[in-house]
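1. Build me a structure from this.
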Amino acid sequence: MTTWKKTKFPGVRYKEPGTRRFKGKPEKYFSIRYKRNGKTVEEGAGWESAGVTPQYCSQLRTQIVQNIRAGKDHVSLKEKREIEETKRQAKVEEKEVTERENTPLSEIAEKYLEWSKHNKKSWKDDLSRYKNHIK
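-> Have a look, this model is predicted:
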């Protein structure tokens with residue numbers, strides 16, 4: 001069983017599970033602790049190999065505590081991750097919409113005609129309509 005060890009930063013601690021190694025030493029898993037609504041909350045911040053350091057954890061904890069006191073933004077790592085994921089997903093969707101809006105009709109028609117060749121008996125009619133009337 002692994003035990004938690006303190007760092008020099010308040011509310012930041014780590015454990016070293018014996019199975020993982022990083023740079024020849026046991027890898028550290030960092031966690032932050034803070035109080036919210038009178039209860040102690042502990043959240044895992046991440047592994048040392050992913051770039052998580054005690055200083056980074058301390059900054060995260062400070063930001064969360066300030067947000068709790070001010071009553072704004074994210075009040076936990078989970079909320080912060082959800083907000084970041086939502087922003088990332090919105091960017092991806094915006095990019096997809098832009099690509100769809102900027103796709104020329106000829107490309108869409110070619111894809112449709114290829115599909116209709118394999119899935120419709122009347123694909124020749126579709127091809128004729130596109131070539132003679134739409135194109």
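2. for this structure, what's the longest helix?
-> In the chain, assigned by DSSP state H, the helix with the most residues is helix 77-101.
3. Next, I32: phi, psi?
-> Main-chain dihedrals, I32, degrees, to the nearest 10: phi -120, psi 150.
4. before we move on, back to that, pull out the buried residues from the helix or strand following the longest helix of the chain.
-> Downstream of helix 77-101, the first helix or strand assigned by DSSP states H and E is helix 105-119. Of the residues in helix 105-119, A109, S116 count as buried by neighbour count, 16 or more other C-beta atoms under 10 Å. Glycine gets a C-beta too; all of them are placed from N, C-alpha and C.
5. What average pLDDT does stretch 94-110 get?
-> For stretch 94-110, mean pLDDT is 89.
6. returning to what we had before: looking just at contacts, which helices and strands does the longest helix of the chain meet?
-> Under the contact definition 3 or more C-beta pairs under 8 Å, 6 or more residues apart in numbering; DSSP states H and E, helix 77-101 sits against strand 39-47, helix 54-70.
7. okay, which residue is most central for the chain?
-> In the chain, the C-alpha nearest the mean C-alpha coordinate belongs to E85, at 4.0 Å (C-alpha atoms, centre = their mean).
8. Roughly how far does that residue sit from K117?
-> Per C-beta to C-beta, to the nearest Å, E85 is found 40 Å from K117.
9. what residues are up against V52?
-> By C-beta atoms under 8 Å, 6 or more residues apart in numbering, the residues touching V52 are F30, A45, G46.
10. Now, of those, which are buried?
-> Buried members of the contacts of V52, scored by 16+ other C-beta under 10 Å, are F30, A45, G46.
11. Which residues are in contact with the second one?
-> The one in question is A45. By C-beta under 8 Å, 6+ apart, A45 lies in contact with F30, S31, I32, V52, Y56, C57, L60, L77.
12. The last one and L105: what is the separation?
-> By that I understand L77. Going from L77 to L105 by C-beta to C-beta gives 47 Å.
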